[in-house]
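**Student:** Fold the stuff below for me.
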Amino acid sequence: MKTIGLLGGMSWESTTTYYQIINRRVRQVQGNLHSAKCIIFSFDFAEIEELQRNNKWDAAGQLLDQASAKLKLAGADAIVLCTNTMHLVSHGIEAASTLPLIHIVDATAEAIIKEGHKSVGLLGTRFTMEKDFYKVRLLEKYGLKVVVPDEAGRDTVHSIIYNELCNGVIRDESRSAYQRVIGELAAQGAECLILGCTEIGLLIDAESSSLPVFDTTVLHATAAADWAMNDRD
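**Tutor:** Now for the predicted structure:
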């Protein structure tokens with residue numbers, strides 16, 4: 001089994017979910033006492049959030065590059081960036097580490113295409129919903145039309161992520177607010193829903209969504225585990 005290098009701590013709430021899903025997947029496939037070989041570099045998310053808030057994305061990307069190089073030195077065979085938003089500055093990871101990056105959009109889009117959907121609603125941080133790095137990859141590489149909430153909806157989704165979910169706070173009122181936004185996405189033509197922030201799965205699941213749900217955390221972590229168990233490079 002190959003070793004997965006996890007860039008986590010953004011936030012640690014979702015990184016714990018990654019670790020659980022990866023190991024459960026390995027146990028499911030290989031059975032007995034098998035678990036995944038993982039190395040985790042966990043950031044202080046307050047430092048990352050400050051760079052995001054102040055639009056210092058190049059500096060944030062440099063931190064990812066440096067950490068990925070450390071994971072290589074520690075024995076990782078591939079890098080998994082345990083966050084959607086920071087894929088905005090993931091382009092230097094492979095060069096810095098000389099390791100493959102298992103990309104969160106690819107794992108998600110492949111599952112959506114398999115189910116036959118053409119139009120997706122995207123929930124995430126304001127950065128993920130508004131910047132092009134995520135939407136363009138979904139459209140240009142996979143031909144998926146992307147629908148995002150209006151400005152008020154984006155404010156609601158973003159605020160709940162940073163003020164509640166990243167702090168482990170789960171509120172029924174916030175779930176209801178998300179459900180209203182999801183209904184608006186469906187009215188705009190979305191056929192399914194991408195939980196495009198690794199914390200949103202703490203609040204919304206298939207039972208609480210009016211649209212079919214594709215949880216990026218589950219899909220990405222599962223893809224990482226399957227990659228590690230594959231004998232081929």
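
**Student:** Show me what the helix or strand hosting E140 is packed up against.
**Tutor:** Using DSSP states H and E, E140 sits within helix 132-142. Packing contacts for helix 132-142, counted by 3 or more Cβ pairs under 8 Å, 6 or more residues apart in numbering; DSSP states H and E, involve helix 104-114, strand 119-123, strand 145-147. C-betas here are computed from N, CA, C, even on glycine.

**Student:** Report the inter-axis angle for it versus helix 104-114.
**Tutor:** Angle, helix 132-142 to helix 104-114, by axes from the mean of the first three to the mean of the last three Cα atoms, to 10 degrees: 40 degrees.

**Student:** Show me which positions of helix 132-142 end up buried.
**Tutor:** When burial is assessed from 16 or more other Cβ atoms under 10 Å, helix 132-142 yields the following buried residues: F133, Y134, K135, R137, L138, Y142.

**Student:** Am I right that L33 is in a helix?
**Tutor:** No: with DSSP: H, G, I helix; E, B strand; the rest coil as the criterion, L33 is assigned coil and is not in a helix.

**Student:** thinking again about what came up before, same list (the helices and strands packed on helix 132-142) but as a markdown table, adding mean neighbour count and mean pLDDT.
**Tutor:** Below are the helices and strands packed on helix 132-142 laid out as a markdown table (neighbours: other Cβ atoms under 10 Å; pLDDT from 0 to 100):
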| stretch | mean neighbour count | mean pLDDT |
| --- | --- | --- |
| helix 104-114 | 19 | 96 |
| strand 119-123 | 25 | 98 |
| strand 145-147 | 17 | 97 |
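
**Student:** got those as JSON lines, with distance to H91 columns?
**Tutor:** Listed next are the helices and strands packed on helix 132-142 as JSON lines, based on distance: least, Cβ to Cβ, whole Å:
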{"stretch": "helix 104-114", "distance to H91": "13"}
{"stretch": "strand 119-123", "distance to H91": "20"}
{"stretch": "strand 145-147", "distance to H91": "20"}
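
**Student:** Nearest the middle, which residue of the protein would you pick?
**Tutor:** N84 (3.7 Å; Cα atoms, centre = their mean).

**Student:** Which segments of the chain make up each domain?
**Tutor:** Residue ranges for the domains of the chain, per the TED database: 4-103+218-229, 118-211.

**Student:** Quick one: those as TSV, columns for distance to A109 too.
**Tutor:** Shown next, in TSV, are those (distance: least, Cβ to Cβ, whole Å):
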stretch	distance to A109
domain 4-103+218-229	9
domain 118-211	4
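
**Student:** Which one, of the ones you listed, ends up nearest to A111?
**Tutor:** Closest to A111 of these is domain 4-103+218-229 (Cβ to Cβ; 5.3 Å).

**Student:** Now do the closest one: distance from first to last residue.
**Tutor:** 10 Å (Cα to Cα, to the nearest Å).

**Student:** same check, this time on stretch 31-50
**Tutor:** 42 Å.

**Student:** Show me what that stretch is in contact with.
**Tutor:** Stretch 31-50 is touched from outside by 1-12, 15, 19, 22-23, 25-27, 60, 63, 67-68, 70-71, 74-76, 86, 162, 166, 225, 228, with contacts defined as Cβ atoms under 8 Å, 6 or more residues apart in numbering.
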